[in-house]
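>>> model this:
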Amino acid sequence: MAVPLLFFAVFFGYPVAAIVGRGLRVDGVWQLGRLPEVLGDPGTLRVLWFTCWQAAASTALTLALALPGAYVFARLRFPGRRVLHAAVTVPFVLPTVVTGAAFLALVGRGGVLDDAFGLRLDDGVWAILLAHAFFNYAVVVRTVGGLWAQLDPRQEEAARVLGAGRLAAFWRVTLPALTPSVAAAALMVFLFTFTSFGVIQILGSPGRATLEVEIYRQTAQLLDLPTAAVLTLLQLAAVGALLATHRLVTRRRSGALPLVDPAGTAHRPRGWAQWTALGGVLATVVLLLALPLGVLVERSLAGPDGYGLHHYRALAHADGTFLVAPAEAIGNSLRFAAAATLIALAVGGCAAVALTRRRAGRWTRGFDALLMLPLGTSAVTVGFGFLIALDEPPLDLRSSWVLVPLAQALVGVPFVVRVLVPVLGAVDDRLRQAAAVLGASPWRAWREVDLPLVWRSLLVAAGFAFAVSLGEFGATVFIARPDEPTLPVAVARLLGRAGALNYGQAMALSVILMLVCAVTLLLLERLTPSRSAGTF
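Modelled structure (predicted):
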């Protein structure tokens, strides 16, 4: 436990505490009077209300669109199912700034729907809600579908034999077993949308700002650190409450019905209802997920003289927007993400081993919650905290390239832990004990007992860490050097500049990032054991 605790203390706790201290301490004295002043400000209350309201609405819309998908992927077998299952996860690992760009090109001023039908959605909240549903669709499909695929269908069949109708059998047998999983997915979606940054930054307006966007505005634009510090504490308190609730819910996820091998629960569609469900889910995937991504591709190819590779070729040349050619962001992102993946595997691997070897108790649950905290904490706060805290010996890293991978690894560690913990927990400890009795050291026992059993999951964990590191934006936008931009930072910079060429280059970089993430996830789908299909 020492390695992850030290990593989180130095690269998470210390930067966050530094920015809060910088904002609320003057000459060594805490100025706590700013707390009621900021929290009682009408502007703060307005931001907090919009943050909660849009998160609740986004969660409800995501559940309505994704729960049928969870059923289809869990219970129905059809051609291309594994490929489609990987494809619906692509939006989740894309940077939120790319998600915002895709919906801006689809429903914004001069977008596809505006040109074709005169329809714009970016002047209201619908563009934000749809973008959040696009981003979080896979969270519900994988979380709920993963459990649904392992529920024994004979339980529901027995209820129907005893006289219950199809709806009554689902309502009284299957739904109670799924409820904890649905609640866990809903809480996770609410958490991600509560801390939304990139989507709101692009599709929002001054009157539609979340706490995350307001923290960014107070720090980067107004330099009002006291207000930013209070908002950070408010967000940390809210996220802590959400994570505690999520932990309570997930502890009882699979206790209602016995679980079976998901390979035996799926079947080809039977009857008009199942064919209708399959058709509806495929239509949702096309309209909600594929259409925005297709618009990215179309806008990246639309040049001044018709369709072509004009914007892709322009990426090789530097202009006033960058100190280097935008194409260099591709190599930077791959290099940083690879380093972040190694860090996340080392830290998350140690954490997963600690969680599976220690007896469950209060300290273990607290340690597990700590590992999840970066997913819900303001990435803006972490990034700005890096600049403030890590600028003096022995941690003078402000000019070092390793600062970006460290920030990205904070987001990758929770995915490594969530993938490895169930697999490591399933390894029979008697195998390790037998190896020890035969003279094997702990390292050799791990190498010859655990590793052959978990290597697939280790690769899956590495793939997810790599994909989410590629898409990290909130912290990286603060710490990426001008001569070493990452792909998300480059996209945001290009979108912030006027001109058709800058816009086209942003779309081209977004497509490149989308393709890298898609290839990574397709490889992961082939590596994922059938027993864990449909889960993170």
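>>> Surely M514 and L94 touch.
Yes. Here M514 reaches L94: they are 6.2 Å apart, a contact under Cβ atoms under 8 Å. All C-beta spots, glycine's among them, are computed from the backbone N, C-alpha and C.
>>> out of those two, which sits in the busier spot?
The neighbour comparison of M514 against L94 (other Cβ atoms under 10 Å) goes to L94, with 28 against 22.
>>> my read: that one touches V511, true?
No. Using Cβ under 8 Å, L94 is not in contact with V511; the gap is 10.8 Å.
>>> thinking again about what came up before, what do M514 and L94 both touch?
When contacts are counted by Cβ atoms under 8 Å, 6 or more residues apart in numbering, M514 and L94 have no shared neighbour.
>>> low-scoring pLDDT stretches of the stretch 251-400 of the chain, where are they?
Residues of the stretch 251-400 of the chain meeting the criterion pLDDT under 70: 251-264, 320-322, 358-362, 376.
>>> do the same with the chain
26-29, 206, 246-247, 249-264, 320-322, 358-362, 376, 426, 525, 527-536.
>>> Tell me the buried residues in the longest helix anywhere in it?
In the chain, with assignment by DSSP state H, the single longest helix is helix 42-75. Across helix 42-75, burial judged by 16 or more other Cβ atoms under 10 Å covers 44, 47-48, 50-52, 54-55, 57-59, 61-63, 65-75.
>>> and the residue nearest to G21 when sequence neighbours are not counted, which of the three is it?
Using Cβ to Cβ, 6 or more residues apart in numbering and skipping the chain neighbours, the partner closest in space to G21 is A229 (7.9 Å). At A229, secondary structure determined by DSSP: H, G, I helix; E, B strand; the rest coil is helix.
>>> how about the nearest residue to G504 once chain neighbours are set aside, what does it touch?
Once flanking residues are discounted, G504 sits nearest to H311: 3.6 Å by Cβ to Cβ, 6+ apart. Counting by Cβ under 8 Å, 6+ apart, H311 makes contact with 300-301, 303, 501, 504-505, 507-508.
>>> and the helix or strand harbouring G412, what does it pack onto?
Element membership for G412 (DSSP states H and E) is helix 403-426. When contacts are defined as 3 or more Cβ pairs under 8 Å, 6 or more residues apart in numbering; DSSP states H and E, helix 403-426 sits against helix 2-8, helix 328-357, helix 362-376, helix 379-389, helix 451-471, helix 476-479.
>>> Apply 7 Å and report the result again.
Packed against helix 403-426 by the contact rule (3 or more Cβ pairs under 7 Å, 6 or more residues apart in numbering; DSSP states H and E) you find helix 328-357, helix 362-376, helix 379-389, helix 451-471, helix 476-479.
>>> For R154, which of the ones you listed is the nearest?
Proximity to R154 (Cβ to Cβ) singles out helix 451-471 among the helices and strands packed on helix 403-426, at 28.7 Å.
>>> quick one: that closest one to helix 328-357, angle?
140 degrees (axes from the mean of the first three to the mean of the last three Cα atoms, to 10 degrees).
>>> Against which helices or strands is helix 451-471 packed?
By 3+ Cβ pairs under 7 Å, 6+ apart, helix 451-471 packs against helix 90-93, helix 328-357, helix 403-426, helix 500-527.
>>> Of all these, which one is nearest V286?
Per Cβ to Cβ, nearest to V286 of those: helix 90-93, 13.2 Å.
>>> Tell me the buried residues in whichever helix or strand comes after the longest helix of the chain?
The first helix or strand that comes after helix 42-75 along the chain, using DSSP H and E, is helix 81-87. By 16+ other Cβ under 10 Å, the buried positions in helix 81-87 come out as 84-87.
>>> And stretch 367-383, by the same measure?
For stretch 367-383, by 16+ other Cβ under 10 Å, it's 367-368, 370-383.
>>> Go through those and name the one nearest A346.
For the buried residues of stretch 367-383, the nearest to A346 is L371 (13.7 Å; Cβ to Cβ).
>>> OK, contacts around the closest one?
Contacts of L371 were listed using Cβ atoms under 7 Å, 6 or more residues apart in numbering, and they are 4, 351, 413-414, 417.
>>> mind putting those in CSV, neighbour count and distance to G110 included?
Putting the contacts of L371 into CSV (neighbours: other Cβ atoms under 10 Å; distance: Cβ to Cβ, whole Å) gives the following:
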residue, neighbour count, distance to G110
P4, 23, 47
A351, 26, 47
V413, 31, 40
P414, 23, 38
V417, 23, 43
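>>> from the middle of its chain, how far away would stretch 474-489 be?
Mean-position distance between stretch 474-489 and its chain equals 18 Å (Cα atoms, centre = their mean, to the nearest Å).
>>> contacts for it?
The list of residues contacting stretch 474-489 from outside it, by Cβ under 7 Å, 6+ apart, reads 95, 97-98, 197, 322-324, 329-330, 332-333, 336, 379-380, 382-384, 386-387, 401, 403-404, 407-408, 470-473, 492-493, 509, 513.
>>> And the buried ones among those residues, selectable in PyMOL?
The following PyMOL line selects those of the contacts of stretch 474-489 that are buried, judged by 16+ other Cβ under 10 Å:
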select buried, resi 95+97+98+197+322+329+330+332+333+336+379+380+382+383+384+386+387+403+404+407+408+470+471+472+473+492+493+509+513
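>>> For the helices and strands packed on helix 403-426, give me JSON lines that also has distance to A105.
Formatted as JSON lines, these follow (distance: least, Cβ to Cβ, whole Å):
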{"stretch": "helix 328-357", "distance to A105": "20"}
{"stretch": "helix 362-376", "distance to A105": "28"}
{"stretch": "helix 379-389", "distance to A105": "24"}
{"stretch": "helix 451-471", "distance to A105": "18"}
{"stretch": "helix 476-479", "distance to A105": "21"}
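>>> These: which one's closest to Y137?
Here helix 451-471 is closest among the helices and strands packed on helix 403-426 (Cβ to Cβ), at 15.6 Å.
>>> residues of the closest one that come out buried?
Residues 454, 456-458, 460-471 are the ones in helix 451-471 that count as buried (16+ other Cβ under 10 Å).
>>> Equivalent analysis for stretch 143-157, please.
Those would be 143-153, 155-156, for stretch 143-157 by 16+ other Cβ under 10 Å.
>>> Which ones among those map onto helices?
Counting by DSSP H, those place 143-148, 153, 155-156 in helices.
>>> Columns distance to A273 on top of these, output as CSV?
Shown next, in CSV, are those (distance: Cβ to Cβ, whole Å):
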residue, distance to A273
T143, 24
V144, 19
G145, 18
G146, 23
L147, 22
W148, 16
P153, 15
Q155, 19
E156, 14
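>>> which other residues reach stretch 127-135?
By Cβ under 7 Å, 6+ apart, the list of residues contacting stretch 127-135 reads 54, 57-58, 61-62, 65, 91-92, 96, 99-100, 103, 107, 121, 193, 196, 199-200, 203-204, 288-289, 292.
>>> tell me which residues of it are tucked away?
For stretch 127-135, a neighbour-count test (16+ other Cβ under 10 Å) marks 127-135 as buried.
>>> Now render those as TSV, adding secondary structure and distance to T265.
TSV is the format used below for the buried residues of stretch 127-135 (DSSP: H, G, I helix; E, B strand; the rest coil; distance: Cβ to Cβ, whole Å):
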residue	secondary structure	distance to T265
A127	helix	37
I128	helix	36
L129	helix	33
L130	helix	32
A131	helix	33
H132	helix	30
A133	helix	27
F134	helix	28
F135	helix	28
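>>> Contact partners for L288?
Counted by Cβ under 7 Å, 6+ apart, L288 has contacts 65, 133-134, 137.
>>> Now for V281: which residues touch it?
V281 sits next to 68-69, 72 when contact means Cβ under 7 Å, 6+ apart.
>>> Next up, phi/psi of R268, please.
phi -70, psi 150 (degrees, to the nearest 10).
>>> Return the distance of it relative to W171.
25 Å (Cβ to Cβ, to the nearest Å).
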